[in-house]
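Asks: no sequence for this one, just the structure:
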């Protein structure tokens, strides 16, 4: 059971480039989300999805796009990378409903130069 | 989701109990209290959760006050490997799960 898998683990981008961070889960979880974590800070919610075809914004959505075409996958797209987007990105998933825990991926380290 | 307040940092001696407090005065009736921890820059790890009764598992105990406005995570015998950031989250199992800054626990030899 792989859980939540993120790729790539490390990436360096130039300002203005675009890229997609991939996230896949094999637990048939309806709910998936993306967080970013800047050095020394807590996690901030970027976007989330409650099921295929349904996405919504979190705390810091600007500069990021998401889509959810399948239950398993929830990619995060950076349209035009900026140095302020240098961060560690975590994907998470869980079953919807009360009392269910969140499972996190191992993180994707992104540096924008 | 209800907001939580945690101290920014705490120290604990190795082998002693670590008691991490969390205030969640605006918690509503269907919201659970969850605790996660993050070691270095790894993905956060689930520790424990509860609704109104105290809970215990192999990692920790969770004590929730009767009015549910605060809780305490107890690591009964802290080790150096428990040094981490601990997040207290209040959520109904809702969709916008917001993490605060957490408490940075330093376990010292």
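Replies: Sure, I can see it. Keep in mind that what you see is a predicted model, and the values were worked out from it rather than measured.
Asks: Let me know whether residue A:81 touches residue A:14 as I believe.
Replies: Yes - with contact defined as CB atoms under 8 Å, residue A:81 and residue A:14 form a contacting pair (7.3 Å). Placement of C-beta: from N, CA and C, glycine included.
Asks: Between these two, which is the more surrounded one?
Replies: Set residue A:81 next to residue A:14 and count neighbours by other CB atoms under 10 Å in any protein chain shown: residue A:81 wins out with 21 against 8.
Asks: State the distance from that one to residue A:16.
Replies: Taking CB to CB, to the nearest Å as the criterion, residue A:81 is separated from residue A:16 by 7 Å.
Asks: Ok, residue B:13 next?
Replies: Separation of residue B:13 from residue A:16 (CB to CB): 50 Å.
Asks: mind checking the SS state of the residue in chain B positioned nearest to chain A?
Replies: Closest residue of chain B to chain A, CB to the nearest CB: residue B:43 (3.3 Å). Recorded secondary structure, residue B:43: coil (DSSP: H, G, I helix; E, B strand; the rest coil).
Asks: so who does it touch?
Replies: Each residue near residue B:43 by CB atoms under 8 Å, 6 or more residues apart in numbering or on different chains is listed here: A:4, A:90, A:92, A:104, A:105, A:106, A:107.
Asks: Quick check on the fifth one: phi, psi?
Replies: Its backbone dihedrals place residue A:105 at phi -80, psi 180, with angles given as degrees, to the nearest 10.
Asks: So for the most centrally placed residue in chain A, what's the nearest residue that isn't a sequence neighbour?
Replies: What sits nearest the mean C-alpha location of chain A, by CA atoms, centre = their mean, is residue A:34, with 2.9 Å. If the residues on either side of it in the chain are set aside, residue A:34 comes closest to residue A:46, at 4.4 Å by CB to CB, 6 or more residues apart in numbering or on different chains.
Asks: any idea which element that neighbour lies in?
Replies: Taking DSSP states H and E as the criterion, the element that holds residue A:46 is strand A:43-51.
Asks: what pairs with that strand, and is each one parallel or antiparallel?
Replies: Using DSSP bridges, the neighbouring strands of strand A:43-51 in the sheet come out as strand A:31-37 (antiparallel), strand A:54-57 (antiparallel).
Asks: In TSV, list these along with mean pLDDT.
Replies: Supplementary listing: these in TSV, determined by pLDDT from 0 to 100:
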stretch	mean pLDDT
strand A:31-37	94
strand A:54-57	94
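Asks: So which of the ones you listed is nearest residue B:37?
Replies: Go through these one by one with CB to CB and the one that ends up closest to residue B:37 is strand A:31-37, at 13.8 Å.
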